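[1] Predicted model, plus sequence, below.
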Amino acid sequence: MTKQMKIDRGAGIAIWRQIAEWLKAEISSGTFVTGSKLPTEADIAARFDVNRHTVRRAIAVLVNEGILRADQGRGTFVAAAPMNYPIGSRTRFSEIVSGQHKTPSGRMIGSALEEADALLADELKLPLGVQLIRLETLRVVDGTPVLVATSWFEQARFPGLVAAYAETGSFTKALKQCGLDDYTRLETRVSAELIDPQDAAFLQVPEGQPILIVESTNVDDAGRPTQYTRTRMAADRIQLVIES
């Protein structure tokens, strides 16, 4: 980007806003397409003969509006429209993503055994202190991370779950290997909070960005809880659709 563009400094419109409007116009015209990487802040600053702080403010506003996506260490990209994510009795990540002609994947980023505290014992309807498996997973759509989840399971009931998930990358397939053929969603609670540094690194979003928090409990055919999960979703990449 070597051609210098002019800013109307007498228009009464902030310079950063003029740059933001130019970026939006370039996206609308197809100059910058969905998923494409924007020029660097330095390149844009040189094009408009402004300082990088001004460009950074324009980009930050468009990130907050969901038009751009800032990936730590990679740059700034034109954001795709949020993917619809239905929440119903049979919520399945892989099925939801594949059904929208996208490619799902998942990997385990941590696992541990821990004793059930009062919250987990209540959610899973188990005695206080019983041994649980805690699985930390990262789910990806078309190469872009969209959610981080922490899930808890009764260790005595699913002793081979960690190995099964590491092999399959799917809870449905892993649970089937452990003898659970089917399950349904009993309850879902949705809230929001600011992302912490660890999840921000996994999701490749700026620290402190708002994210969706989805807490859910699944049960087997007999109504016995099988899984409690706390999911952190990138709010600019997923749009929850609550099924009635």
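    Ah, there it is. Residues are numbered from 1 along each chain as shown.
[2] drop to CA atoms for contacts and neighbour counts, all remaining ones
    OK.
[3] so how many other residues sit close to V97?
    Using other CA atoms under 10 Å, V97 is surrounded by 19 other residues.
[4] Past the helix or strand containing it, which element shows up next along the chain?
    Here V97 sits within helix 93-98, counting by DSSP states H and E. Counting by DSSP H and E, the next helix or strand C-terminal to helix 93-98 is strand 104-115.
[5] Run through who's touching that next one.
    93-94, 97-98, 128-142, 155, 162, 165-166, 169-170 (CA atoms under 8 Å, 6 or more residues apart in numbering).
[6] Filter those residues down to the ones in strands?
    131-141 (DSSP state E).
[7] Among the residues you listed, which one sits closest to I7?
    Using CA to CA, V141 comes nearest to I7 of those, at 38.5 Å.
[8] For P210, see how far away that closest one is.
    20 Å (CA to CA, to the nearest Å).
[9] can you pull out the helices in the protein?
    15-29, 41-48, 52-64, 93-98, 118-124, 161-168, 171-177, 197-203 (DSSP state H).
[10] Please tell me how far the fifth one is from the chain's geometric centre.
    Same thing as helix 118-124. 25 Å (CA atoms, centre = their mean, to the nearest Å).
[11] distance of L135 from A42?
    Relative to A42, and taking CA to CA, L135 is found at 41 Å.
[12] and G179, what are its phi and psi?
    Per-residue torsions, G179: phi 100, psi 0 (degrees, to the nearest 10).
[13] so what pLDDT did it get?
    At G179, the model reports a pLDDT of 96.
[14] got a list of what the residue lying closest to R9 once chain neighbours are set aside touches?
    Nearest residue to R9 in three dimensions, chain neighbours excluded: I15, at 7.1 Å (CA to CA, 6 or more residues apart in numbering). Each residue near I15 by CA under 8 Å, 6+ apart is listed here: 7-9, 54.
[15] of all those residues, which two lie farthest apart?
    Counting by CA to CA, the most remote pair of these is D8 and T54, 14.4 Å apart.
[16] Those two: which is more packed in?
    The neighbour comparison of D8 against T54 (other CA under 10 Å) goes to T54, with 19 against 11.
[17] Could you pull up the residues touching the more buried one?
    Counting by CA under 8 Å, 6+ apart, the residues that T54 touches are 15-16, 45.
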